[in-house]
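# my questions are about this predicted structure, shown below with the sequence.
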Amino acid sequence: MRLEQLLRIGSLTLAFALAVSTAGFAQALTGRAEYINSCAPCHGLTAHGDGPIAGYLKNKPTDLTLLAHYNHGVFPEERIKAMIHGVNVTGPHGAREMPVWGREFVSEGSSTEQAQARMKALVDFLKAIQEK
């Protein structure tokens, strides 16, 4: 891993740690880990849509730090939950490229409850990294 990538991870981790309460820190780390494992390949370590796989996709991945910005300053929590869970599997132009993480987490061996907790941690992480 290049130094620049390590610095980005460190900066993102620090910003995220400052954005969450002490009580929620364990869940925050889980959400960050879920993001790095499941989302960063496409959306990038800094969540700007510039992951190493992004160039191979039909559509550029969304900049996940601007979700609230494009929703009039309000984080679209229910819409993001539905997208991650796979409720909205097809988009207006056909099948989506993003995996259905609810199904993926269960196929990896998580129980339904564990998959729900993983998705919640991921949504909470995304909420915490929104640009102001």
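The structure has been received and is ready for your questions.

# quick check, pLDDT for the one residue sitting closest to the centre of the chain.
Note on the chain: the residue nearest the mean C-alpha position is Tyr35, at 4.7 Å, using Cα atoms, centre = their mean. pLDDT recorded at Tyr35 is 94.

# wait, it sits on Phe125?
Yes: the pair Tyr35 / Phe125 is scored as a contact, 5.2 Å apart, by Cβ atoms under 8 Å. (Each C-beta comes from the backbone N, C-alpha and C, glycine too.)

# quick one: the residue nearest to the centre of the chain from Leu126, how far?
Distance of Tyr35 to Leu126, given as Cβ to Cβ, to the nearest Å: 7 Å.

# cool, and Trp101?
To Leu126, Trp101 is 12 Å away according to Cβ to Cβ.

# more crowded one of the two?
Leu126 (25 against 20; other Cβ atoms under 10 Å).

# for that one, which non-adjacent residue is spatially closest?
Nearest residue to Leu126 in three dimensions, chain neighbours excluded: Leu64, at 5.7 Å (Cβ to Cβ, 6 or more residues apart in numbering).

# and for Lys58?
Closest residue to Lys58 apart from its sequence neighbours, by Cβ to Cβ, 6+ apart: Glu97 at 6.1 Å.

# which ones are touching that neighbour?
57-59 (Cβ atoms under 8 Å, 6 or more residues apart in numbering).
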